[in-house]
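Visitor: Here is a sequence with its predicted model. Questions after.
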Amino acid sequence: MFGGDALRAVIAKLGPLPPLPDAYHELTALAGCAELRPDAIAAVVERDASLVRGRNVLRTRKLGTGIYEVFFTGDVSNGAFVATIGRPGIATEPPGEITMALRCCPGLGLFEPFEGNKGVWIQTFDSAGKPSDRSFHLIVLTH
């Protein structure tokens, strides 16, 4: 979490902020944050699978309680998937767990159709391990 004393230290180090957009770049550099490149692959998804924001997202869909798929515009099969449970705004999501994998295996009825190598399968759970709808953030790191 970035805030409190750490945020005050960054602000003190910056001094007066330059006009935007330079202030944004300086803050992200000082905070150790990476800026999303135009070709970045990321999604912030609500509990009902609606896309709140993202980059290069083709579509999102809820397949069952705590089961989601997120499809992107390009191949993600060689990517590293990083996801975390979290609300899209300032509130917090109840504690839980999240797992993800490349979307695979055509021919499973309800779980098709899909475009090969462009999707990520997400499952969310409550703290007891029971499937539960949760908002999440997903980024796919590719080279």
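Guide: Arrived safely. Residues are numbered from 1 along each chain as shown.
Visitor: Which residues does Arg61 form beta bridges with?
Guide: Here Arg61 sits in beta bridges with Glu69, as judged by DSSP bridges.
Visitor: Quick check: next helix or strand after the lowest-mean-pLDDT helix or strand in the chain?
Guide: Least confident helix or strand, the chain: helix 22-30 with a mean of 49, by mean pLDDT, DSSP states H and E. Once the chain leaves helix 22-30, the next helix or strand it forms, by DSSP states H and E, is strand 41-45.
Visitor: Note down every partner strand of that following strand and its orientation.
Guide: Taking DSSP bridges as the criterion, strand 41-45 forms sheet pairs with strand 51-55 (antiparallel), strand 136-141 (antiparallel).
Visitor: avg pLDDT for the longest one?
Guide: Spelled out, that is strand 136-141. The average pLDDT within strand 136-141 is 94.
Visitor: Report how many residues lie close to Ser135.
Guide: Ser135: 22 surrounding residues under other CB atoms under 10 Å. Glycine gets a C-beta too; all of them are placed from N, C-alpha and C.
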